[in-house]
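Trainee: quick one, what's the 3D model for this:
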Amino acid sequence: RFEWRKGQVPIRTRMTAGPQPDAQLPAFAGTVKKGDIPKEYRLQRFYTDADIAKHNSSHDCWVSFFGRVYDLTPLLAEYDGPLATPIIEAAGSDISFWFDEATGQPKTHVDPSTGLEEIYCPWGRYIHVPPQGPESGWATNFGTPWWDDRRYYIGLRSSSTRKVTIVNLLTKQKDTLEVPVEETVEEIKERYLVHNAHAGSYTWKRLGKPLNMEKTLEENGMKDET
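Mentor: Residues are numbered from 1 along each chain as shown. Below is the predicted model of the structure:
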């Protein structure tokens, strides 16, 4: 458990950790209606499974695979029909089992009826997966398949999480958050601003000692007691 006090500036030792270097907010095609574009959000270095699970619809679709998190909302805004269905059903979850860990590509198998190798689609054929045979409506001009497209990458999936209780010594308000173990106290503070918009101007302490905002809880000597 740690707390913060009002009226002092948080201690900092270096630049605040930002998003992953190659992560970016998703860009929507000009043909997408403004009303179909979800509210812009702040990129984070790490996301918990609970963070990802909140984005579980066709208009707000996040997935993860092999430790990386992707926002596929722009992809689904450009596609409709049955090929979008498996991705929509997977929204908010980890889909590593769709892919080969060694290659990062979709898994393949031999179709017992044709004897031909094809992409394995456990929930049905999805966007950018070619049909089994010739298909007049199949377009091959999409460029990079979405699982290889860096435009959708927004950060890393946390390897594990821990719970922390934050106490406002002024109001005695107490909040418990689930946070990635990799996050610094500064990043935890950003999460906490949802509960108290003024917390950014306070000094964060534990047992009366100011915390190093650019270090993790573990690096600040706070063992996971959960």
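Trainee: all strands for the protein, in order.
Mentor: Applying DSSP state E to the chain gives strands spanning 2-5, 46-47, 56-57, 60-65, 68-71, 93-94, 108-110, 117-119, 153-157, 161-168, 174-180, 203-206, 209-210.
Trainee: so which of these is nearest residue 84?
Mentor: strand 60-65 (9.4 Å; Cβ to Cβ). All C-beta spots, glycine's among them, are computed from the backbone N, C-alpha and C.
Trainee: how big is the angle separating the closest one from strand 153-157?
Mentor: If you take axes from the mean of the first three to the mean of the last three Cα atoms, to 10 degrees, strand 60-65 sits at 50 degrees to strand 153-157.
Trainee: which pLDDT does the model give residue 144?
Mentor: Looking at residue 144, its pLDDT is 93.
Trainee: how about residue 186, nearest residue that isn't a chain neighbour?
Mentor: Computed as Cβ to Cβ, 6 or more residues apart in numbering, the closest residue to residue 186 that is not its neighbour in sequence is residue 213, at 4.2 Å.
Trainee: give the burial count for that neighbour, as a bare number.
Mentor: 21 (other Cβ atoms under 10 Å).
Trainee: how close does it get to residue 107?
Mentor: 43 Å (Cβ to Cβ, to the nearest Å).
Trainee: circling back: looks like the residue nearest to residue 186 contacts residue 190 (just checking).
Mentor: No - judged on Cβ atoms under 8 Å, residue 213 makes no contact with residue 190 at a distance of 10.6 Å.
Trainee: among the strands of the chain, which comes closest to residue 22?
Mentor: With Cβ to Cβ as the yardstick, what comes closest out of the strands of the chain is strand 153-157 (6.5 Å).
Trainee: partners of that closest one in the sheet?
Mentor: Strand 153-157 has these partner strands in its sheet, going by DSSP bridges: strand 46-47 (parallel), strand 68-71 (antiparallel).
Trainee: in TSV, list the ones you listed along with distance to residue 80 and mean neighbour count.
Mentor: Listed next are those as TSV, based on distance: least, Cβ to Cβ, whole Å; neighbours: other Cβ atoms under 10 Å:
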stretch	distance to residue 80	mean neighbour count
strand 46-47	27	22
strand 68-71	18	22
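Trainee: any chance of the strands of the chain in a markdown table, plus distance to residue 38?
Mentor: Below are the strands of the chain laid out as a markdown table (distance: least, Cβ to Cβ, whole Å):
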| stretch | distance to residue 38 |
| --- | --- |
| strand 2-5 | 31 |
| strand 46-47 | 16 |
| strand 56-57 | 9 |
| strand 60-65 | 5 |
| strand 68-71 | 9 |
| strand 93-94 | 18 |
| strand 108-110 | 33 |
| strand 117-119 | 29 |
| strand 153-157 | 13 |
| strand 161-168 | 24 |
| strand 174-180 | 22 |
| strand 203-206 | 31 |
| strand 209-210 | 37 |
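Trainee: what's the pLDDT at the residue lying closest to residue 97 once chain neighbours are set aside?
Mentor: Once flanking residues are discounted, residue 97 sits nearest to residue 122: 6.9 Å by Cβ to Cβ, 6+ apart. Predicted confidence (pLDDT) for residue 122: 92.
Trainee: how much space between residue 122 and residue 213?
Mentor: Relative to residue 213, and taking Cβ to Cβ, residue 122 is found at 43 Å.
Trainee: ok, now residue 108?
Mentor: For residue 108 relative to residue 213 (Cβ to Cβ), the value is 47 Å.
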